[in-house]
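[1] Let me see the structure of the following:
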Amino acid sequence: MLPKYTDPSSIQLNRTLGQKLIPVADRLRDLFTRFGLRPYKVRVVRVRWSGGTRGIGAPIVERTLDLLPTPLVVDLTTMTEVVQPVGLDEIGSITVSEISGRFTDYQLRMLDPNGREPDPDEEVYYEIEFPKPDGTSDKRKFWLRSAPHYHAGRFYWQVRLEKAHQDRDFRGDPR
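    Residues are numbered from 1 along each chain as shown. The predicted structure follows:
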């Protein structure tokens, strides 16, 4: 006789030990920020364009979602500066991991609760802000390169991001 095993579809994931340990893992991850080892902010931004189509008119920030505790950004050294017809620009991709397991796939893709994608006049991107001692900051804009991936055994999400053009300035306005 074979032993009886648990069918994953028969359990309520939000009541598992793994889900209950997420706040503990988050408190431990927050120590990296407290110690100054993650001196940046990571957020998801959803903007609506005033012209009715992406890229037309002025972008108006509709929503932002700060990813706290601060996730791990790996590896900004892969970014390369290249000369473009419009000036110097960065290209490359990075990984952001250790995003709290309390977030959902919908939140990380900034979808509405029904899973609806952004409208044709909206865009969603990730922004990493690097505060400076003078009170200003550098904000780098990234596109989600692939679907968020959840690491259940480590209590976190991971996303792969591609550098986007036209970062915002320290006030949040387009450059």
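
[2] list the helices and strands the longest helix along the chain packs on?
    Criterion DSSP state H: the longest helix present in the chain is helix 22-34. Identification of packing neighbours for helix 22-34 by 3 or more CB pairs under 8 Å, 6 or more residues apart in numbering; DSSP states H and E yields strand 93-100. Bear in mind the C-beta positions are built from the backbone N, C-alpha and C, glycine included.

[3] Run through the helices of this structure in chain order.
    So, for the chain - with DSSP H - the helices run 17-20, 22-34, 105-108.

[4] Can you say which of those helices is nearest to G55?
    Of all the helices of the chain, it is helix 105-108 that lies closest to G55, at 23.1 Å by CB to CB.

[5] Residues contacting that closest one, please?
    44, 65, 99, 112-113, 115, 144, 147-148, 150, 157, 159 (CB atoms under 8 Å, 6 or more residues apart in numbering).

[6] rerun at 6 Å
    P148 (CB atoms under 6 Å, 6 or more residues apart in numbering).

[7] any idea how far N14 is from the closest residue to E122 other than its chain neighbours?
    Leaving aside its chain neighbours, E122 sits nearest to R48 (5.1 Å; criterion: CB to CB, 6 or more residues apart in numbering). As judged by CB to CB, to the nearest Å, R48 and N14 stand 32 Å apart.

[8] Those two: who's more crowded?
    Legend: neighbour count by other CB atoms under 10 Å for R48 and N14, higher for R48 (19 against 8).

[9] The more buried one bridge partners, please.
    I60, E122 (DSSP bridges).

[10] isn't it right next to P120, touching?
    No: R48 is beyond contact range of P120, at 10.3 Å (criterion: CB atoms under 6 Å).

[11] So what's the residue count around A25?
    18.

[12] Tell me how far it lies from H151.
    11 Å.
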